[in-house]
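Participant: Here's a sequence, model it:
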Amino acid sequence: MEYKFQFTYIADGRIKIASGDNDDFSLDIKESEKGLKILLNPSKDVQIKSFFATRDYTFSENSTFFANGFQSWTDTKEFSKNEKMPGLGLVGKSLFGKVFGLNNVGDYNFVKSEKEAGKFHSHSLAYVRNGDELDFFGSMTDRTGYTVIYADMNGNTLSFSKDLEGKTISEPYEILDLFFTKGEYDAVFDEYFNALGIKPLTDKKIKGYTSWYNYYQNISEEIILRDLNSLYEQKDYVNTYQIDDGYQTAVGDWFSINAEKFPNGMKVLVDAIHEKGFEAGLWLAPFGAQKGSKLAAEHPDWLIKDKKGKPIPVGANWGGFYALDIYNEDARAYIKSVFNEVLNVWGFDLVKLDFLYAASIVPMYNKTRGEIAYDSIELLRECVGDKKILGCGVQQMPCFGRVEYMRIGPDMALWWKHNLLRKNMHREDVSTPNAINNSIYRRCFNGRAFLCDPDVFLLRRTNIKFSPEQQKLLGKFIKLFGGVLFMSDNVAEYDEEQLETFKDILTDNAEITAINVNKDTVFIDYVQDGKADVLKFDVSDGVIY
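Facilitator: Here you go, the predicted model:
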């Protein structure tokens, strides 16, 4: 296969453009049917601003391109030739978005945005589907920098790129290491993960409760203990009870528990959970520092800053928040002390670690964003040790084989349709349709890289806008796709029908036999207790057929 190379780089203090070997560097290229490796050998210091290896590729009218989103919440699906890829919405581009750093939630600062139908990009891996056959392309590592794969389905080209911003290359450096294969869906991904040498850390599903999708931050000791006691009545079906955001006085101030809501602290809750026979889970955003937190006020030197020395906003949650610099020794020591308290003093068994993208929003210390992302996950693995991690809001590939569980989609909304305001935020915003699509199209990771968390099922009748029929369908969907099966309801409020649905969702007696998507209509064939059945619904509006 013939490739065209384009480098834009800085050497000798000047911006230069090259298509191959020159006085500044040479390339070692190893190409085969199974992959492409490119090693750059610099003769002087080189800073790569952009790099593309482009080849011809013939897309048919019926071809689809799988575009893997940047992080957990980024919308992920197969795109057809006549579709457009979403970008940063109008709200995200507005003054509000800039003040709160909504552009830092995704890849908007370093990936070319597509404005035309038929042009897409994918992170770490991609495939072209032609009928039942996949033409697969995957990175062997993103530690050297994020691998971004671009498809131009109208121009009939594929391009492979690497985010090397902020890296000065002074010795041989791997630009690309790609794996190629063809075949049916499961065979392709089995071969890829075998080539990576990646295996999941556990095969144990976690089933139970998380407080977020009913109470959000309005939790208290009373609510946690009440719902715990209710769940205990169904102890044969669950194994985990997770306390989510809302127990701390501010994000980042993890030792400062809200005494009004939790007068007896956290250990008493862990003890109560353990007494019921459940594992105890806790939500943390370990790299976050809320505006107005003591952490941000007292340790501004711990925060990631821009070139002017100002903290970089990384999201609008909690009125805005910043990110900790994981290479700052004091910040690093603080992070370790938090995990020691949570895991060894309070006694939690599992931590849901959220907003992890924040650690690698900009290149630092001659490290690419990808290298920082890998370093951040390795720091967390070191902190958590043998206890369990549920990753969330994080790039997927750095977590392959390093976390037990992974959220692979955005937060579910308490309604179905993705409304206009949400569409104009960013690709990572709350969305039931996107959560469903991500579960379908990232099912390739489940049981290969980690166990997938498709987000919650909810069966209550209050504080929710799903119909009972939609709740049952979503419950069955979570049952079929999930390695994490959480709900946020007070089980004591269920009637007999809700309780039977609850038990069905948490019983391992079903498997998917086929998946077909026709535009927005999803067909999921499955077998449960030896009986074949099908889920058929419109993913965009929740209409059930």
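
Participant: Show me the shaky parts of the stretch 201-350 of the chain.
Facilitator: Along the stretch 201-350 of the chain, segments meeting pLDDT under 70 are nowhere present.

Participant: in it, which spans are helices?
Facilitator: 212-215, 221-232, 267-275, 294-298, 329-339 (DSSP state H, counting those that start in this stretch).

Participant: Can you tell me which of those is packed in deepest?
Facilitator: helix 212-215 (a mean of 21; mean count of other CB atoms under 10 Å). Yep, even glycine has a C-beta here, placed from its N, CA and C like the rest.

Participant: mind giving me CSV with the helices of the stretch 201-350 of the chain and columns for distance to residue 351?
Facilitator: Supplementary listing: these in CSV, determined by distance: least, CB to CB, whole Å:
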stretch, distance to residue 351
helix 212-215, 14
helix 221-232, 16
helix 267-275, 12
helix 294-298, 18
helix 329-339, 8
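
Participant: Residue 98 in helix, strand or coil?
Facilitator: Three-state assignment for residue 98 (DSSP: H, G, I helix; E, B strand; the rest coil): helix.

Participant: same thing with residue 49?
Facilitator: Under the three-state scheme (three-state DSSP), the conformation of residue 49 reads as strand.

Participant: show me what contacts the residue lying closest to it once chain neighbours are set aside?
Facilitator: Using CB to CB, 6 or more residues apart in numbering and skipping the chain neighbours, the partner closest in space to residue 49 is residue 8 (4.5 Å). If you count contacts by CB atoms under 8 Å, 6 or more residues apart in numbering, residue 8 has them with 15-17, 48-51.

Participant: Residue 13 and residue 44: what is the separation?
Facilitator: Distance of residue 13 to residue 44, given as CB to CB, to the nearest Å: 11 Å.

Participant: strand partners of whichever strand or helix holds the residue nearest to residue 49, parallel vs antiparallel please.
Facilitator: Assigned by DSSP states H and E, residue 8 belongs to strand 4-11. Counting by DSSP bridges, the strands paired with strand 4-11 are strand 14-18 (antiparallel), strand 46-56 (antiparallel).

Participant: What does the nearest residue to residue 147 once chain neighbours are set aside show for phi and psi?
Facilitator: The shortest distance from residue 147 to any non-neighbouring residue, by CB to CB, 6+ apart, is to residue 139 (3.7 Å). Main-chain dihedrals, residue 139, degrees, to the nearest 10: phi -70, psi 140.

Participant: Next SSE downstream of the host helix or strand of residue 498?
Facilitator: Assigned by DSSP H and E, residue 498 belongs to helix 496-505. Once helix 496-505 ends, the next helix or strand along the chain (criterion: DSSP H and E) is strand 510-518.

Participant: Helix 496-505 and the next helix or strand along the chain from that next one, what's the angle between them?
Facilitator: Scanning forward in sequence from strand 510-518 by DSSP H and E, the next helix or strand is strand 521-528. With axes from the mean of the first three to the mean of the last three CA atoms, to 10 degrees applied, the angle from strand 521-528 to helix 496-505 works out at 80 degrees.

Participant: List of residues touching strand 521-528?
Facilitator: Contacts of strand 521-528 (CB under 8 Å, 6+ apart): 436, 440, 477, 480, 509-517, 532-539, 545.

Participant: And for residue 99, the neighbour number?
Facilitator: Per other CB atoms under 10 Å, the neighbour tally for residue 99 reads 11.

Participant: Look up how far residue 98 lies from the nearest residue in space to it that is not next to it in sequence.
Facilitator: Leaving aside its sequence neighbours, residue 99 sits nearest to residue 313 (CB to CB, 6+ apart; 6.7 Å). As for residue 313, its distance to residue 98 is 8 Å (criterion: CB to CB).

Participant: In terms of neighbours, single out the busier of the two.
Facilitator: Between residue 313 and residue 98, residue 313 has the larger neighbour count (other CB under 10 Å), namely 21 against 12.

Participant: ok, that one touching residue 97?
Facilitator: No - look at residue 313 against residue 97 with CB atoms under 8 Å: they stay out of range, at 9.8 Å.

Participant: What lies in contact with the helix holding residue 498?
Facilitator: Residues contacting helix 496-505 (CB under 8 Å, 6+ apart): 234, 237, 457, 459-460, 471-472, 475-476, 478-479, 485, 487, 491, 494.

Participant: again, 10 Å this time
Facilitator: Around helix 496-505, the neighbours that count as contacts under CB atoms under 10 Å, 6 or more residues apart in numbering are 207, 233-234, 236-238, 457, 459-461, 468, 471-472, 474-480, 482, 485, 487, 489, 491, 494, 510, 528.

Participant: before we move on, the earlier item: residue 428 is nearest to which of the helices of the stretch 201-350 of the chain?
Facilitator: helix 212-215 (16.6 Å; CB to CB).

Participant: could you flag which of the contacts of strand 521-528 are buried?
Facilitator: Buried members of the contacts of strand 521-528, counted by 16 or more other CB atoms under 10 Å: 436, 440, 477, 480, 510, 515, 517, 535, 537, 539.

Participant: By pLDDT, rank the residues you listed and give me the bottom one.
Facilitator: Going through these one by one, the lowest pLDDT turns up at residue 517, 94.

Participant: dump the residue contacts of it.
Facilitator: By CB under 10 Å, 6+ apart, residue 517 lies in contact with 64, 77-78, 437, 440-441, 523-524, 539.

Participant: circling back: now do the shared contacts for residue 13 and residue 44.
Facilitator: Contact with both residue 13 and residue 44 is made by no residue, according to CB under 10 Å, 6+ apart.

Participant: And those two? Which one has more around it.
Facilitator: Ranked by neighbour count (other CB under 10 Å), residue 13 and residue 44 place residue 44 first, with 11 against 5.
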